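S.K.: Sequence and predicted structure are below.
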There are 2 protein chains.
Amino acid sequence: MPENIMHRDRTVTKWIEEISRVIVQEKDAQLDIEQKTAANDLVTNMDKWVEKELVKRIRTAYPKDRIVGEEGFGDSIKDMSGTVWFVDPIDGTLNFVLQNENFALMLAIFEDGVPVQSYIYDITLNKLYSAIKGEGVSCNGQQMSKPKDVSLCDGMLATNSSIMIEDKYDKVRKIARKSLGLRLVGSAGLETVEVAKGSIAAYIATNLKPWDVAPGILFMEELGLKATQFNNEPLDLLKNNNIVFAAPKAHEEIMRLIN
Amino acid sequence: MPENIMHRDRTVTKWIEEISRVIVQEKDAQLDIEQKTAANDLVTNMDKWVEKELVKRIRTAYPKDRIVGEEGFGDSIKDMSGTVWFVDPIDGTLNFVLQNENFALMLAIFEDGVPVQSYIYDITLNKLYSAIKGEGVSCNGQQMSKPKDVSLCDGMLATNSSIMIEDKYDKVRKIARKSLGLRLVGSAGLETVEVAKGSIAAYIATNLKPWDVAPGILFMEELGLKATQFNNEPLDLLKNNNIVFAAPKAHEEIMRLIN
C-alpha cells in the first residue's frame, strides 16, 4: 500500500473512532430533529455535528481536497478532478431516530474520479468496514473474502423502501420474485455491506444521493462484485443514481429483467 | 408472579441459554440444509436438533403438556385445552443460513388458550426478550416500557417478503405509502420485537405458521399493542394466519385500509 494511502487510512480510521464515540455517548440525549424534503427525510443536530466535525478535520489535514457532504457543509462540485471526499455523517437517519440501530457513518475518497478508499461504520454493532484500492475489504481490520458469485435464485434481494411501494417499479417486484426473498434495512451503507458479505445477492435502489452510493463502488470493485446504474452504466457521482450492487450472475439477470 | 410460572420462567430461560450456546458454537460447522416446500423454505440439522432437544426437555419436565413445533417433533393438536407449548427452533432459517444473523429461537406457552409466557431470543445479538402474563416484557431481565401509540404517518411498517412481492397485496403497498417507510428483516420473531420496542409502528404478514406468531400475542398484550388477523379477529393458533401486530392507532388505520 502506498505510504500516503496508509497514512490517510490510519487518520480516517482514528477520526471515525473518535467521532462515533461521541455519537454513541450522546445518542440518548435529546435529539433535535428536523424534516428536510419529507416526513421520512430527517436531519438531526447529530448529523450536522458529525459532518461539520469531519469537514473541519479534512480541511485542516488535506486543505486542497474538495468535500461533498449530505448536510451541505462541504463544497458544491461540478467535476471529479483532484481528491474528492464524500461524507455521509449518519446514513439511515430515520433508523437512528426511531430504532437507535441500523445506521452508519460513511466516507469515500476519490482521486480524479477513481475510488481509492471507502469506509462504512456500523455504529451500534461497532463494525468498521473499509476498502482500499488494490488491498481488498476488511471488517475491523480483518480481511473479508470475496463472496460466492450467486444467481438471484440462490440469494436474497435488498431494496430501498420507495421502490417496493411505488407502482411504477413493477419490474423490481418481478426481480424479487426470482430471488429467495426480500430484505430491507433502510441504510444504503448497511445494504452495501450485506452485498459485500455475500449475505444478499443484490441491492437495488432508486434515486440515491452521491454520498449514499460513493463508498459502495470500491467495496464492489475490490470484491469482484458489480456496481452500476439501472442502465448498466457506471455510477455518476455528480447526480442521483438508480443503482444495482450485485454479484455478477445476479447483476446480469437483473440487467436483463430491468431493461 | 405465581410460583409455578416463576419456576417455569427460570427453567425455560436456562434451556434457551444452554441450547443457544450450542447453536453459536456449532453454527460455523458444516450445515446440512434441506428444502421443505420451496427454495426459500429451508430446514437445517440445527433446526431439527434444537427442536428435538426442547421437546425432550419439555416432555421430561412437564409430561402432561402438549407441544407444537415447526419441525414436527411435537404433537398434532386440534384444540388449545390444557398447557400447549409452541416451539420455533430457528425463526428465520434463511437468514441463519445466508446471513449468520437475524434469526431467533422462540417459545410460547398457553394455558387453555390464554398466553402466559413468551420468549424470543435474538441469538447473534444475545438479547432474550420475554413476556410473562401480568408482568410485562423484559429484555435480558430489564423491564421494557410500553411504546408510544403512533399512527402510520409517525412510524415504519414491517412486512414479510411475499406480501410486498405479490400483486394481490396491493392494499399493503397503500398502507406502506402512508407510513414513514418499509423495513423487512425476514424473521417474524425479530419483527415482533421491533413492534414491541416501538421502533416499528406495525408488522403485517401473510400466511404465518402458529409457531411464528404465538409468542407475539403476549408481547403485544402486555405492552398495550394490538395483535389480530387481517379481519380484526384474534389469532387462531390452530391454523395459519394473516396477521397485524401494531400500535393501536396504526392498527385502526390498517384495519380501515385493509378491509
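M.R.: That came through fine. Numbering: from 1, shown residues only, chains lettered A, B, ... in the order given.
S.K.: which residues are contacting the helix or strand bottoming out on mean pLDDT in chain A?
M.R.: One helix or strand of chain A scores below all others by mean pLDDT, DSSP states H and E: strand A:42-44, with a mean of 86. Contact with strand A:42-44 is made by A:L31, A:D32, A:I33, A:E34, A:Q35, A:K36, A:E71, A:I90, A:T93, A:L94, A:F96, A:V97, as judged by CB atoms under 8 Å, 6 or more residues apart in numbering or on different chains. Heads up, the C-betas are built off the backbone N, CA and C, glycines and all.
S.K.: Which of the residues you listed has the largest number of neighbours?
M.R.: Neighbour tally across the contacts of strand A:42-44 (other CB atoms under 10 Å in any protein chain shown): the maximum, 29 neighbours, falls on A:I90.
S.K.: Next up, the contacts around that one.
M.R.: Per CB under 8 Å, 6+ apart, neighbours of A:I90: A:I23, A:T44, A:M46, A:D47, A:V50, A:F96, A:F103, A:A104, A:L105.
S.K.: can we see that at 10 Å?
M.R.: Counting by CB atoms under 10 Å, 6 or more residues apart in numbering or on different chains, A:I90 touches A:23, A:27, A:42-44, A:46-51, A:70-71, A:96-97, A:103-106, A:123, A:187, A:189.
S.K.: Ok, A:N4 next?
M.R.: Contacts of A:N4 (CB under 10 Å, 6+ apart): A:V116.
S.K.: Give me the three-state assignment for it.
M.R.: Following DSSP: H, G, I helix; E, B strand; the rest coil, we place A:N4 in the helix state.
S.K.: how close does it sit to A:W85?
M.R.: From A:N4 across to A:W85, the span is 15 Å (CB to CB, to the nearest Å).
S.K.: same deal with A:I132?
M.R.: Taken as CB to CB, the span from A:I132 to A:W85 is 15 Å.
S.K.: Just confirm A:V55 is within a helix.
M.R.: Yes: counting by three-state DSSP, A:V55 is part of a helix.
S.K.: any idea which element the closest residue to it other than its chain neighbours lies in?
M.R.: Closest residue to A:V55 apart from its sequence neighbours, by CB to CB, 6 or more residues apart in numbering or on different chains: A:F73 at 4.8 Å. Here A:F73, judged by DSSP states H and E, is contained in no helix and no strand.
S.K.: And A:F73, how close does it get to A:I23?
M.R.: 17 Å.
S.K.: now do A:E101
M.R.: Plainly put, A:E101 is 12 Å away from A:I23 if you go by CB to CB.
S.K.: Now for the residue lying farthest from the centre of chain A: which residues touch it?
M.R.: Centroid-distance maximum for chain A: A:Q30 at 26.7 Å, with CA atoms, centre = their mean. Shown in contact with A:Q30 (CB under 10 Å, 6+ apart): A:N45.
S.K.: How about the one 3 residues further on?
M.R.: Contacts of A:I33 were listed using CB under 10 Å, 6+ apart, and they are A:L42, A:V43, A:T44, A:N45, A:M46, A:D47, A:T93, A:F96, A:V97.
S.K.: Which residue is the nearest non-sequential neighbour of it?
M.R.: A:I33's closest residue in space is A:T44 (CB to CB, 6+ apart), at 5.2 Å.
S.K.: can you count the residues close to the one you found?
M.R.: The burial count for A:T44: 18, using other CB under 10 Å.
S.K.: Neighbour count: A:F73 and A:I23, which is higher?
M.R.: Between A:F73 and A:I23, counted using other CB under 10 Å, the more crowded position is A:I23 (20 against 17).
S.K.: List the buried residues of stretch A:184-202.
M.R.: Across stretch A:184-202, burial judged by 16 or more other CB atoms under 10 Å in any protein chain shown covers A:184-202.
S.K.: What segments of the stretch 151-259 of chain A are helices?
M.R.: Assigned by DSSP state H, counting those that start in this stretch, the stretch 151-259 of chain A shows helices spanning A:161-165, A:170-178, A:188-197, A:210-222, A:248-258.
S.K.: Of all those helices, which one comes closest to A:F110?
M.R.: Ranking those by proximity to A:F110 (CB to CB) places helix A:210-222 first, at 7.3 Å.
S.K.: Kindly format the C-alpha coordinates of that closest one as PDB.
M.R.: Taking C-alpha atoms only, helix A:210-222 is exported to PDB below (Å, rounded to 0.1, in the frame of the first residue of the first chain):
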ATOM      1  CA  PRO A 210     -23.900  10.600  -4.300                       C
ATOM      2  CA  TRP A 211     -22.800  10.100  -0.600                       C
ATOM      3  CA  ASP A 212     -25.200   7.100  -0.300                       C
ATOM      4  CA  VAL A 213     -23.500   5.200  -3.100                       C
ATOM      5  CA  ALA A 214     -20.000   6.500  -3.300                       C
ATOM      6  CA  PRO A 215     -18.400   4.100  -0.700                       C
ATOM      7  CA  GLY A 216     -20.100   1.100  -2.300                       C
ATOM      8  CA  ILE A 217     -18.300   1.500  -5.600                       C
ATOM      9  CA  LEU A 218     -14.900   0.500  -4.200                       C
ATOM     10  CA  PHE A 219     -16.400  -2.300  -2.000                       C
ATOM     11  CA  MET A 220     -17.900  -3.900  -5.100                       C
ATOM     12  CA  GLU A 221     -14.700  -3.400  -7.200                       C
ATOM     13  CA  GLU A 222     -12.400  -4.900  -4.600                       C
END
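S.K.: How far does that helix sit from its chain's centre?
M.R.: 6 Å (CA atoms, centre = their mean, to the nearest Å).
S.K.: Mean confidence (pLDDT) on it, please.
M.R.: Confidence for helix A:210-222, expressed as mean pLDDT, is 98.
S.K.: after the helix or strand A:T13 falls within comes which helix or strand?
M.R.: Assessed by DSSP H and E, A:T13 sits inside helix A:3-26. Downstream of helix A:3-26, the next assigned helix or strand under DSSP H and E is strand A:33-35.
S.K.: Excluding chain neighbours, give the residue nearest to A:L190 in space.
M.R.: That would be A:A104: by CB to CB, 6+ apart, it lies 5.6 Å from A:L190.
S.K.: quick one, strands of the stretch 101-250 of chain A?
M.R.: Counting by DSSP state E, counting those that start in this stretch, the stretch 101-250 of chain A has strands at residues A:104-111, A:114-122, A:127-132, A:136-139, A:142-143, A:157-159, A:182-183, A:202-208, A:226-229, A:241-246.
S.K.: could these go into TSV alongside distance to B:G113?
M.R.: Converted to TSV, these look like this (distance: least, CB to CB, whole Å):
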stretch	distance to B:G113
strand A:104-111	44
strand A:114-122	42
strand A:127-132	44
strand A:136-139	47
strand A:142-143	50
strand A:157-159	39
strand A:182-183	34
strand A:202-208	43
strand A:226-229	52
strand A:241-246	47
